[in-house]
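**Q** Quick one: sequence plus predicted model below, questions after.
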Amino acid sequence: MHPLETRQPAASATPLPAVTPAFASASGPALDAIPPQRPWPEPEPAEPSVREAGAAAVPGPEPVAGAGARGGLARVRGLLPSPASYPFAFGYAVLLLVTSLYSEYGDQATVSALLRGSSTDVAHLSTAPVLAIFASALWIAGGIASPYAMVFLFVLAALERRIGGWRTAGVFLLGHVVATLATELPVAVSVLAGHLPASSLHRLDYGISFGLMATVGALAGLLAPLLRWTALAVVGALLVQDLLEMVEPLAAWGHPVALLAGIACWPAVRRVRLTPVTPAG
């Protein structure tokens with residue numbers, strides 16, 4: 001064989017498999033050399049948690065018609081005095097209710113005699129001061145329809161809730177005594193000096209307004225600053241109006257004195273920390 005000649009390779013006894021072009025049409029057969037791929041598994045839905053399952057199984061409570069109104073009435077009833085929660089305010093309110101009903105429907109001659117005997121005028125303060133002080137606080141000037149009556153219930157109960165019954169009674173009595181003396185002693189001096197007639201010594205003076213003003217002043221010290229100064233501003237405006245009109249001179253001057261007596265109790269009432277009462281059982 002000539003050296004430049006090339007030898008043809010011998011034909012293989014086993015034929016090579018046919019190769020399908022990679023760019024075959026989509027409708028053609030799948031590639032024989034590449035095994036078919038498994039499709040991606042779709043994610044299974046997550047099982048609900050115990051909380052979600054319980055929320056779905058147990059339906060929520062259906063709204064009850066009038067529940068909001070009943071809740072508001074319950075809160076108002078909680079502020080009203082009761083024998084268990086506010087013994088002083090409740091007992092005092094019942095006593096004032098009895099005396100107010102008697103002054104309205106009882107024998108008027110007897111009522112007039114009782115009111116004169118309960119007056120904290122100079123004549124009674126000079127002869128029976130203790131009896132006059134306590135007896136004058138058993139009556140509401142203007143009767144049960146007076147605006148002082150409803151304000152009395154809420155204010156006295158609110159203060160008793162914060163500082164207790166005995167301390168509330170002390171604040172009320174302090175304002176009642178201080179304002180009474182601050183208004184009646186100048187009357188006695190003026191009568192002695194000849195500036196007022198002798199009939200001023202027997203001027204009818206009774207009611208709960210002095211003690212109520214002291215209670216308002218003490219309660220204001222336990223409120224939030226915005227509510228405290230708003231309440232004092234409203235009450236102060238009413239007292240200034242009374243001073244300008246001067247319909248009842250003793251009351252017009254006594255109310256600011258009683259309010260200041262209550263404000264003077266702020267350090268004492270703020271130190272009180274009542275122990276909550278746990279119901280038995």
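**A** Right, received. Where do you want to start?
**Q** When you work out contacts or count neighbours from here on, use the C-alpha atoms and nothing else.
**A** Will do.
**Q** Which strand or helix spans Pro256?
**A** Using DSSP states H and E, Pro256 sits within helix 249-263.
**Q** which of the residues in that helix are buried?
**A** By neighbour count on 16 or more other C-alpha atoms under 10 Å, the buried set for helix 249-263 is 250-263.
**Q** Flag the shaky bits of this protein, pLDDT-wise.
**A** Flagging of the chain using pLDDT under 70 yields the residue ranges 1-82, 275-281.
**Q** contact partners of the helix or strand just after the helix holding Pro256?
**A** Counting by DSSP H and E, the element after helix 249-263 in chain order, helix or strand, is helix 266-270. With C-alpha atoms under 8 Å, 6 or more residues apart in numbering as the test, helix 266-270 has contacts from Ile163, Ala218, Gly221, Leu222.
**Q** Looking at those residues, which is nearest Ala141?
**A** The closest of the contacts of helix 266-270 to Ala141 turns out to be Ala218 (C-alpha to C-alpha; 22.1 Å).
**Q** Next one: the closest one from Leu97, what distance?
**A** Distance of Ala218 to Leu97, computed by C-alpha to C-alpha, to the nearest Å: 24 Å.
**Q** out of those two, which sits in the more crowded spot?
**A** For Ala218 versus Leu97, neighbours defined as other C-alpha atoms under 10 Å are more numerous around Ala218 (29 against 18).
**Q** so who does that one touch?
**A** Applying C-alpha under 8 Å, 6+ apart to Ala218 gives the contacts Leu159, Val171, Gly262, Ile263, Ala264, Cys265, Trp266, Val269.
**Q** Next one: it from Leu115, what distance?
**A** From Ala218 to Leu115 the distance is 28 Å (C-alpha to C-alpha).
**Q** Ok, Leu192 next?
**A** Where Leu115 is concerned, Leu192 sits at a distance of 25 Å (C-alpha to C-alpha).
**Q** So if I had to pick from the two, which one is more boxed in?
**A** Neighbour totals were compared for Leu192 and Leu115, and Leu115 leads with 19 against 12 (other C-alpha under 10 Å).
**Q** so which strand or helix has the more buried one?
**A** Assigned by DSSP H and E, Leu115 belongs to helix 108-117.
**Q** ranges for the helices of the stretch 101-250 of the chain?
**A** Secondary structure of the stretch 101-250 of the chain (DSSP state H, counting those that start in this stretch): helices located at 108-117, 122-127, 129-136, 147-163, 165-192, 209-220, 225-245, 249-263.
**Q** Out of the ones you listed, which one sits most buried?
**A** Ranked by mean neighbour count, these are led by helix 209-220 with a mean of 28 (mean count of other C-alpha atoms under 10 Å).
**Q** now that one and helix 165-192, what's the angle there?
**A** Taking axes from the mean of the first three to the mean of the last three C-alpha atoms, to 10 degrees, one finds helix 209-220 and helix 165-192 inclined to each other by 130 degrees.
**Q** which residues sit in contact with Ala169?
**A** Counted by C-alpha under 8 Å, 6+ apart, Ala169 has contacts Phe88.
**Q** Over to Ile208?
**A** Contact analysis of Ile208 by C-alpha under 8 Å, 6+ apart lists Ser136, Ala137, Leu138, Trp139, Ile140, Ala141, His176.
**Q** Which one of the residues you listed is nearest to Leu232?
**A** For the contacts of Ile208, the nearest to Leu232 is His176 (18.8 Å; C-alpha to C-alpha).
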